[in-house]
Each structure stands twice: as structure tokens, then as C-alpha cells.
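Enquirer: Predicted model follows, preceded by the sequence.
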Amino acid sequence: MNELVPSLKETIFHPCKDEIGDLTEVFIDSVLDEGLFRDLPVVGTITGLIKVTKSIIHRNLLMQTLQFIKEFNNGTIDEDKLLKYKEMLDNNNDKAEEELGRVLIILNGTIDLEKSKMLANLFRNYINEVLSWNEFCEFCEIVRMLQINDIKILKNIYSRKLKDTTKMPLYPFNRLYALGLINTTPKGLYPIDPDGSYVRTENFVSLSRIGGKFYNTINL
């Protein structure tokens, strides 16, 4: 992983103008066989590892990293803040290892491309100083624990298309509540059934303050 940190650092500040296509196994094979995007240092480093190890884990890391780069370059970054961040990394190798190493570790453990897109948006918002480093780390952990279907639920809560949990499975809402992303308000209290079991209480749902910031900074 150590050799990947300098490569990712160079790539972040690389003038990447080429369009990265839809990420499929066929596309990844083209990257490997035809040397696509080898001018991006981190891509060249990972493809070198794949050729040596033939590891499916490294193939996944390449796919997730390409998705990260693609999404990172799709958004707007304040040039002054990007330069400020570059200077910080240039002057502090330990900080570069801590921050970029963390990004690589998360990408290496990610399976869903949608999550790498969210990570890129969070990282861009960190560089833009919308998020603190602690918030970035916390939100990355939330992304790791989310299920893909949770993302659709968050979108619907944000747009107010989904306002209560009536006739819906409760476990996704319990997970989102446990992560601090939503508030729930009971619609009413229900009596105990004759057999001693509790009747489910439906809730009104809304994004919490942290949930709103999380939603806006992952740029769904």
C-alpha cells in the first residue's frame, strides 16, 4: 500500500482530461491490455501490481480507484484550496500517509462502485473545507455501513417522497437511525396483542441535521 500513496497524491493533482468510461470488467481488461490511463500514476501502479499478482482484489481496487478518480474530477474544486491541500501534503509526509492511505484502504475494501463515488464526493468536500477531517472519516464509516438500498431511501426522505414507515420493513430505518442519519417520530402508541407480542409502531421520518449534511456532501 505504501507505493500507492505517492501515486494517488500525484493523480489527485494530475490534469486528468480523458473521459473514463463505464466501469465494467471489459473496460478494466482494456485498461490492463491496452494501457489506458497509464498516464495517471495510481493507475499505472495498480496495473503493475495486477500483472505481478493476478489478484482479483487488486482488480477491484483498480475499478474502485478509477470510479473515485472519475467522480472526483466531475465535481467543482476551489483551485486555491486544492493548491493549499497540495502544499500541506508536500510539506507533511505523515499527513499524506494518514489521509491518502485511509482513502486507499477504504477503496480497497469497497465492492459497490456507488460507494466509491460517494467517497470521492466526500473527499472533494473535505478539500473544499466543507467537511473537517473528523467529519470526513465519520462519513466514510457511514458509507461503509450503508446498504445500497439505503441510498434510495435517503433520497426519498430528502425529497419528502417518503415521510413515514407504514407498510414498510423497519430494519433499513433502524439502521439509518442508528447511524444518526434520520429522526423518527412515533405516529401513535399501539396496545399489546393478546398473545403478549407488541404491535409495531409506525414512525414519521426525516433527515437529521447530520443526515442532511451527509446527504448533501455525498452528492446523490
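Expert: That came through, no problem. Residues are numbered from 1 along each chain as shown.
Enquirer: hey, where'd the helices end up in the chain?
Expert: Secondary structure of the chain by DSSP state H: the helices cover 4-12, 25-34, 41-53, 56-74, 79-91, 93-108, 113-127, 133-145, 148-158, 171-178, 209-218.
Enquirer: Can you say which of those is nearest to N203?
Expert: Each of those has some distance to N203 by Cβ to Cβ; the shortest is helix 171-178, at 7.2 Å. (Each C-beta comes from the backbone N, C-alpha and C, glycine too.)
Enquirer: about what we covered before: rank the helices of the chain by mean pLDDT and give me the bottom one.
Expert: Between these, the lowest average pLDDT goes to helix 25-34, which shows a mean of 58.
Enquirer: okay, now E79: neighbour count?
Expert: Other residues near E79 number 8, with proximity taken as other Cβ atoms under 10 Å.
Enquirer: Domain boundaries for this protein, per the record?
Expert: Following automatic domain parsing, one gets these domains for the chain: 4-144, 148-218.
Enquirer: if you compare those, which one is most tucked away?
Expert: Each of the domains of the chain was scored by mean neighbour count; the highest is domain 4-144, a mean of 17, by mean count of other Cβ atoms under 10 Å.
Enquirer: start to end distance for that domain?
Expert: Domain 4-144 has an end-to-end distance of 21 Å (Cα to Cα, to the nearest Å).
Enquirer: Begin at 484 from now on, thanks
Expert: Shifting the count to begin at 484 puts that one at domain 487-627.
Enquirer: roughly how far is it from the heart of the chain?
Expert: Domain 487-627 has its C-alpha centroid displaced from the chain centroid by 11 Å (Cα atoms, centre = their mean, to the nearest Å).
Enquirer: want to try a markdown table for the helices of the chain, with distance to P669 as columns?
Expert: Below are the helices of the chain laid out as a markdown table (distance: least, Cβ to Cβ, whole Å):
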| stretch | distance to P669 |
| --- | --- |
| helix 487-495 | 46 |
| helix 508-517 | 47 |
| helix 524-536 | 49 |
| helix 539-557 | 38 |
| helix 562-574 | 43 |
| helix 576-591 | 36 |
| helix 596-610 | 31 |
| helix 616-628 | 24 |
| helix 631-641 | 17 |
| helix 654-661 | 12 |
| helix 692-701 | 18 |
